[in-house]
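Asks: Need a 3D model of the sequence below.
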Amino acid sequence: MRASIVVLGPLLARFSSRSLFLRQLRRTVVHPERIAEAEWEAQWRLLNHRGGRERLATIGGYLGERRRFWHRWIGALTRLDVSRYAGSNVIYTFHYYDPHVFTHQGMKTGAISYVSGVSWPLTHVQAQEAEVSAEQAIAHDESLDSGGRTRLREQARQVFAGDAARPHDAATIERDFDAVRAWAAANAIAPQRVLLGEFGCVLSSREFPTGDARLRWLSTVRRAAEARGFGWAYWAFKGYGGMELVDQQGALHADLLEPLGLATPH
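Replies: Here you go, the predicted model:
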């Protein structure tokens, strides 16, 4: 199957159009109306730069790995076959949101929206208690029918499956980032070509603030990346959802500056 994609992909990509590309791209954005037309056009130009469309099939190979390791990006990265990129100047990126039940608790996306009160470092016992609490919240949600409750309970079990089995603290982050560094070294990839493309944590969940635990986690992750020579990008500069550095009204979350190693604006 992969061989067919590699052979036929470049041929099919030549028939892709600007309108099709932009239509599909808009579907990936929560609020596409907030993006200027010039920015959409810039994406199309970038796609076509130096025959970029013909390389889509190869680059797109990561999509299957992303689905498989959706909350374990390091697992996907370190299993990546880099031979297809030999001799290139590709930048390799991974995201870090572990433990997921801590960084994403309360987000309005399925069972994780019922999770709250999770702190960091996260122990096995704390993860189990949070799972029980989430299942109770699902059971008492009168807006759900029996089918909805069943689906959300199963989602909750899947959400907690990885995090409950793996206690998470600063040493866990160090080991995770060491795995990336070892993978890069084994493949002759300079640290400067490795990017921590996203990391972040919600401000609160179901009215329970993540507080100092959030700041400790952010600082630990950022320092782990810098200590290994990896670049990083915080999610997000401006937006909504509780992870942003600047909210939609333009107010700066100044408490994030120190853990991110940023200077206070004057």
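Asks: so what are the domain limits for this protein?
Replies: For the chain, the structural domains run 1-60, 66-121+168-266, going by automatic domain parsing.
Asks: can you pull the contacts of H253?
Replies: H253 makes contacts with L203, E244, L245, V246, D247, as judged by C-beta atoms under 8 Å, 6 or more residues apart in numbering. Glycine gets a C-beta too; all of them are placed from N, C-alpha and C.
Asks: Tell me the helices and strands packed up against the helix or strand harbouring L22.
Replies: Per DSSP states H and E, L22 falls inside helix 18-26. Packing partners of helix 18-26 (3 or more C-beta pairs under 8 Å, 6 or more residues apart in numbering; DSSP states H and E): helix 37-48.
Asks: all strands for the stretch 1-150 of the chain, in order.
Replies: 92-96 (DSSP state E, counting those that start in this stretch).
Asks: what stretches of it score poorly on pLDDT?
Replies: 1-15, 30, 55-72 (pLDDT under 70).
Asks: Do you have the helices of it handy? List them.
Replies: 2-13, 18-26, 37-48, 56-59, 62-68, 73-78, 100-103, 124-139, 146-165 (DSSP state H, counting those that start in this stretch).
Asks: Indicate which one of those is closest to I189.
Replies: helix 73-78 (10.4 Å; C-beta to C-beta).
Asks: could you dump the domains of the chain to a markdown table with distance to E154?
Replies: Formatted as a markdown table, those follow (distance: least, C-beta to C-beta, whole Å):
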| stretch | distance to E154 |
| --- | --- |
| domain 1-60 | 25 |
| domain 66-121+168-266 | 8 |
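Asks: Report the buried residues of stretch 213-226.
Replies: Buried residues in stretch 213-226, defined by neighbour count with 16 or more other C-beta atoms under 10 Å: 213-225.
Asks: For that stretch, give me every contacting residue.
Replies: Counting by C-beta under 8 Å, 6+ apart, 96, 102-103, 119-120, 170, 173-174, 176-177, 196, 199-203, 231-232, 234, 255-256, 258-261 sit against stretch 213-226.
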